[in-house]
Every structure is written in C-alpha cells, then in structure tokens.
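> sequence? don't have it. structure:
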Ligand code: NAD
C-alpha cells in the first residue's frame, strides 16, 4: 500500500480489483474471471486483476489509431520533448518504481533500480534522437532528378513483454515509438501487471500536462497468452514487438506473418563465455558470477554455458566454487541479499528437472542447486534456490536448452576454434563473451567467423547491456534489434521519393515510350 499513493495507482484499485485495460487513459474492469496477484517473494496475495478480453484489445487498438493520426504530424523534436518529460517523471519516481519491480519480479533493489535507470537512459537517448531521425539524398541517373529517402511514423506498435524486465522492455520500445510518431498498445506479462499499471499511470500524467499529446498514445491491455494472441493477430497493428520465450515468438511471428505484418522478436538466449588460457581469472570469475547467478539467472542474457581452457579449468573452477559459497540468497528487500527468488514454482521445477537431466547426461553438480531453507532472511512461500554450477563432459542435450534459472554448465576445451564452434552450436544466438588478454583470440571471437550472436563481448560478461547499442540476437532469438544504434528504424516506415524539377520526362534505365 505504501507504493500505491506515490505512484498514483490508488485511483485504479476498486474493491481489491485492478483494471485489465487502460484505454484512452480510462480504466476498464472487464467481466472476465479474476486473476489473483502474488509476489514471488513470499506468495503474499496483493489483490486481483480482471484481464482484458478481445473487446478491450480491439478498443485499445482502435483508440491508438486515432491517437497515432494526430501524433504523426507533431514535429519530431516536440515528440522528443514529451519523452524528455517522461524521463523527468521517471527520475522522480525511481525508488518507488524499483520497489514495485522488486515486489512483482523479485529483483534485488540495485537491479530493480538499474532497470528503472534503463527507462531513464532510453528517454534521454530518444529525446536526442528526435532531432536526428534522418533520411538520405541519393544521386539520380536522370537529369534534374533527385532521390530522397524519408522516414515517416509507422502506426500502432503492439508490445508484448516478459516478466523479467517488467518495465524496461516496454520502455525501450515505447519511448522510441513515441519519438518516431507512433502510438503503443502494451500487453505486459501476466506476472507483473502492477508494474505495467504504474508505468502507464506515470506516462498518462505527463501526457495530460503536455497539451498536444493525446492520452491514446499509450494503451494497456492485461492478461496472458490469449490477450497477446489477440494483439498479435490484430491487422491494425503495424509492428508487433514481442519479448519472451522462443515458443511465444514462434506463435506471434506466425500471427503477424499471416496478415503480412511486421514483427520484432527478442526471444530466449543460451549465452556462453569462453575463458582462454591467457584470461585474467579474477576479472573473469567476477563477471561469470554476476552473469550466471545475478537476477537469479532470469535474464535473457544470463550466462548458462562456460567453455574453459583445460590449462586453467581447475583454477577457475575453484574460484567459482568459493564465490558461489558466498552468494547471499533471500528476500530481495534485504540490503545484503544478492540473489532473490525464482518467479514461481514452475520455474523451480524446471530448474530441478534440468539438474536431474544433466546428471543423467554425465554432469556433476559442483555446488548449489538445492532449495534454500526458510528462516533468517528467507521468507516462507518464495522459491529460493542456490545457484548451481555443474561440470559437464560435453555439450549434451540439456545444455542446448535455455533453463530460465541460475544453472551454469562448465565444459573444458583445448583449442579456441572448438570453443567458438561450441558457442555457436546451439539454436539461440543472443549474447556471448570471451575472456582473454590475447588480441588475436579476441579478434577471432568478434570477427566474421567468430561468435554468431547479436552481442559478443571481450572481457565483459554476457549480461548487462547498455542502451546505446542495438540489442538483440540471431537464430531462435528472433533477429530483432531494439534500443540504440539504428533500432529506431523499426518504428518508422521508409519512403523513397523521386523528384523531377525539370521540364522533360526522362525514364529510368533509358526506356522509351512513344
Ligand atoms: P513467456 O514467453 O512465457 O511470456 C512473455 C510474454 O509473452 C508474456 O507477456 C506472455 O503473456 C506472452 N505470451 C506467451 N505466449 C504467447 C502467445 N502464444 N501469443 C502471444 N503472447 C504470448 O516468457 P517469460 O517467462 O515472461 O520470460 C522469459 C523468457 O523471455 C526467456 O526465454 C527470456 O530469455 C526471454 N526474454 C528475452 C529477452 C530479449 O530481449 N531477447 C528479454 C527478456 C526476456
């Protein structure tokens, strides 16, 4: 309750029920079966939500179209000013938003605040970008002709987001979409609906004070896969940006493809690091522990596979075991906690199933894997596990899967090209890293025959990307790129214009007609 008033969420809670949709700034309470809301910290219930139905999804999309039609002609720098003000509002509410992320996603305070900081950073980035949405002029083959390339607002962007970044993933999409002149309809994870309501409330307050920005620019529809399905299938959605599992991405991509709509997919990863014989082992160990165990292994970029040169494998293994012994698992609201809970029982069952399977496939648990006993700073009801480190004889079947939990498989290698081939041998292609002090090894890893991932780092862990670069991955990770670099082009449409300022009508390719 202490979070509701500062985030102005109390306006929407009616008799313990939260609205399943915010359409044009107005809360809707659909007559759908309510869904109980729990915190992963202790399974304490904190109200219930009435999920949206197909009716609310169509209404939200319809209103977003109207908002888009007004917004697309507002000059881009003015659109950037809106996003700059959103960033200011987020700064003021950083602590409370982070506390809500902790409550719903179980992140420790520093990581939850880091997630809100990503929203702030992307606002700053998008505000600057609003003055740089540039096209091209291209030389024409015809006299007194010119070719222009312009970027125009695209339309309504649908955003489907995952539980593990309940605010930042939407913010990456929505802040860029707003400066690009689009309207956004958001379907957040059913596991983090209050974060979505809080983010929406904050933006709506800024919109109201702004003047020339309609409330319909930001719409919210809540619910599970069925609601996501309605959104992805709506033919008025110009771009569906979906973040989550590979299975979800396949379903969404098929819906979008059926109507020849655009999709931007940010799906699962199975990220690896190669530790070469020349690596700085202190630095590598620190990076490995944060990437593998941080966020309780629930980042798309979490480190899951480790290829260690055989000469240094014993030494690194020792360092990792020592570091894992000191990881403090428990209630993420305690300042000393480093590892919070898994999101739910199903996630814990999947972790334990993966460990059992790994043992069948010849793996050996070096440390961790068990559930942490209740008591001290470990509350009852949550799924608290010890991050697991396993020695695997080779890259077996289970290592090919993304288990969304803190499970790290350690494998040994002799030659760098073998390790790079193993890095690339899985179906996902999100993040990767090499730890080396040898320039040639680093060059091989980031070169064209090196890592096939969207992110390939040198002496930096697989997780914790900055917003300035394009974020995303190849293969089953979906191929999408979000956030920095030229990812903004996803949210705009390209128009090529041929301009003739002469009196003659020369045809391209020298064609004569009549
Ligand atoms: P999930 O796939 O279960 O759910 C993600 C979202 O998709 C939710 O909003 C869910 O309701 C919706 N959804 C599920 N099935 C759908 C369907 N058939 N049609 C439409 N919508 C559907 O994923 P999760 O458990 O919330 O998140 C963990 C997964 O997300 C991991 O695989 C992780 O790697 C991935 N992830 C990827 C990135 C990235 O940027 N690549 C970022 C965060 C998370």
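Alright, I've got the coordinates. Quantities reported herein were computed from a predicted structural model and do not represent experimental measurements.
> Grab the nearest non-local neighbour of the residue positioned nearest the centre of the chain.
Central residue of the chain (Cα atoms, centre = their mean): residue 169, 4.2 Å from the mean position. Spatial nearest neighbour of residue 169, excluding adjacent residues (Cβ to Cβ, 6 or more residues apart in numbering): residue 161 at 4.3 Å. In short, each C-beta sits where N, CA and C put it, glycine included.
> repeat for residue 417
residue 444 (7.8 Å).
> Now do the contacts for that neighbour.
Contacts for residue 444 (Cβ atoms under 8 Å, 6 or more residues apart in numbering) come out as 416-417, 420, 450.
> Wait, a strand at it?
No: secondary structure assignment (DSSP: H, G, I helix; E, B strand; the rest coil) places residue 444 in helix, not in a strand.
> what's the distance between it and residue 335?
Residue 444 sits 42 Å away from residue 335 when distances are taken as Cβ to Cβ, to the nearest Å.
> Now do the helices in the stretch 201-350 of the chain.
225-233, 246-258, 281-293, 313-325, 345-360 (DSSP state H, counting those that start in this stretch).
> mind listing the strands for the stretch 301-450 of the chain?
Remark: strands assigned in the stretch 301-450 of the chain by DSSP state E, counting those that start in this stretch are 303-309, 364-367, 388-391, 407-413, 428-429, 431-435.
> Low-confidence regions, the stretch 101-250 of the chain specifically.
Residues of the stretch 101-250 of the chain meeting the criterion pLDDT under 70: none.
> Near the ligand, which residues of it are found?
160-165, 169, 187, 189-190, 224-225, 228-229, 232, 243-245, 248 (Cβ under 6 Å from any ligand atom).
> Derive a PyMOL selection command for the buried subset of the residues you listed.
Command for PyMOL that selects the buried part of these, burial taken from 16 or more other Cβ atoms under 10 Å:
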select buried, resi 160+161+162+163+164+165+169+187+189+190+225+228+229+232+243+244+245+248
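> Near the ligand, which residues of the chain are found?
So the chain meets the ligand at 160-165, 169, 187, 189-190, 224-225, 228-229, 232, 243-245, 248, 251-252, 266-269, 300, 402, 404, 430, 477 (Cβ under 6 Å from any ligand atom).
> By proximity to the ligand, which residue of the stretch 51-200 of the chain wins?
Closest contact between the stretch 51-200 of the chain and the ligand, by Cβ to the nearest ligand atom, is at residue 162 (3.2 Å).
> Please report phi then psi for that residue.
Phi and psi for residue 162, reported as degrees, to the nearest 10, are phi -90, psi 160.
> Grab the nearest non-local neighbour of it.
Using Cβ to Cβ, 6+ apart, the nearest residue to residue 162 is residue 244, at 4.4 Å.
> Any idea how many residues pack against residue 433?
Residue 433: 30 surrounding residues under other Cβ atoms under 10 Å.
> Would you confirm that it contacts residue 453?
No: at 9.3 Å, residue 433 and residue 453 do not qualify as touching, with contact defined as Cβ atoms under 8 Å.
> Report the set of residues contacting both of these two.
residue 271.
> buried residues in the longest helix seen in the chain?
Counting by DSSP state H, the longest helix found in the chain is helix 109-129. Buried residues in helix 109-129, counted by 16+ other Cβ under 10 Å: 109, 111-123, 125-127, 129.
> so how far is that helix from its chain's centroid?
Relative to the chain's own centre, helix 109-129 is displaced by 13 Å; criterion: Cα atoms, centre = their mean, to the nearest Å.
> Note down every partner strand of the helix or strand that that helix is followed by and its orientation.
Following helix 109-129 in sequence order, the next helix or strand is strand 136-138 (DSSP states H and E). Here strand 136-138 has these sheet partners by DSSP bridges: strand 145-153 (antiparallel).
> What is the subsequent helix or strand relative to the strand it pairs with?
Following strand 145-153 in sequence, per DSSP H and E, is strand 156-160.
> Pull the contacting residues for residue 79.
Here residue 79 is in contact with 71, 130, 178-181, 213 (criterion: Cβ under 8 Å, 6+ apart).
> Now it: which helix or strand?
Going by DSSP H and E, residue 79 is part of helix 76-92.
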